[in-house]
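K.L.:
coordinates for the following, if possible.
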Amino acid sequence: MSSVLVTGGAGFIGSHLVDRLLEEGLHPIVVDNLSSGDMKNLNPGALFYQQSVQDSEMMERVFQLHKPEYVFHLAAQSSVAVSTKDPIMDCETNIKGMLVLLEKSVKYGVKKFIFSSTGGAMYGDEIEIIPTPENLDPHPVSPYGISKYCAEMYLQFYHRENNINYIILRYGNVYGPRQDPNGEAGVVAIFSKRMLNGEDVNIFGDGNCVRDYVYVKDVVEANIKALQCDAVGTYNIGTGHGTNVNDLFAALSRITNYQKEPIYTAPRKGDVRKSILDCSKANQELGWKPKVSLQEGLVMTVEYFKGL
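P.N.:
Model (predicted):
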């Protein structure tokens, strides 16, 4: 079996990817510091190391022992709100972690490096084309978006200098089972849990911020397509359709039979007003397109949280 390194593999998206890699007959090696991941998410068929990707010495041991052929890099500080409060920590996690992995990947001859980046925080507010294609210049407005863009540029540098093959996947707003309902990111999970518990639901700003919500299993499929193809490049992974927070609240209220009105609070720093991704390039070059509608995905997500 091919050995595959998955950073952040005990997290929301990473744990679903690990499940799928095992189904594909691959051997996932998971590295996760469990700052946001959870062992209950992790498939017991994967080999697990609890450590940080920033720890060069520990990552050296992992690469030396297992010599992974492929790297899926999902470990990250992924909250816009947290990044505005602590941009130094965001930088250390998202940029230093990337550099450590790239150094090891070059040293040990990794065949392909697949990076989970952001589309939602990448392009900024001053975008001329919506849905937004990959060839528009990014103008991130949060430290999170900046650090992800910087990590992308380092990956492209290592490709030019060391010929490491890569694919960058810029995600929309990913949602689904296993998303943390208690953190500062993941509006679908947060709304779902609070509605099911009959608790108040807060909406930042006026609720008219628009996002491209993409179901986690569709995102996993994009990663598998990236592994299997010969392409090198950057791809948006979303739906091409936008939903504002007010409409998302209304849809989840109907599914959960939630009767309360939302509580509107001050807008959050770093949040963009509108983000919708043009994913036609991924369709044409990776053979990928989303299959799960927002309504279907919300129902499956709510059912998951009902079972907790």
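K.L.:
OK, contacts around the residue lying farthest from the centre of the chain?
P.N.:
Relative to the mean C-alpha coordinate of the chain, counting by CA atoms, centre = their mean, the farthest residue is residue 259 (31.2 Å). Shown in contact with residue 259 (CB atoms under 8 Å, 6 or more residues apart in numbering): residue 253. In this view, the C-beta of every residue, glycine as well, is placed from N, C-alpha and C.
K.L.:
per-residue confidence for it?
P.N.:
Reported pLDDT at residue 259 in the predicted model: 97.
K.L.:
so how far is residue 206 from it?
P.N.:
Distance of residue 259 to residue 206, computed by CB to CB, to the nearest Å: 22 Å.
K.L.:
could you check how far residue 260 is from residue 117?
P.N.:
Note on residue 260: its distance to residue 117, by CB to CB, is 36 Å.
K.L.:
of these two, who's got more company?
P.N.:
residue 117 (24 against 12; other CB atoms under 10 Å).
K.L.:
pull up the gap between that one and residue 2, please.
P.N.:
Remark: distance between residue 117 and residue 2 (CB to CB) = 23 Å.
K.L.:
how about residue 124?
P.N.:
Taking CB to CB as the measure, residue 124 falls 38 Å from residue 2.
K.L.:
same thing with residue 187?
P.N.:
Residue 187 is 36 Å from residue 2, by CB to CB.
K.L.:
repeat for residue 53
P.N.:
From residue 53 over to residue 2 the distance is 20 Å, taken as CB to CB.
K.L.:
ok, these two, which is more surrounded?
P.N.:
Set residue 53 next to residue 2 and count neighbours by other CB under 10 Å: residue 53 wins out with 27 against 14.
K.L.:
spatially nearest residue to the more buried one (excluding sequence neighbours)?
P.N.:
Nearest residue to residue 53 in three dimensions, chain neighbours excluded: residue 97, at 4.0 Å (CB to CB, 6 or more residues apart in numbering).
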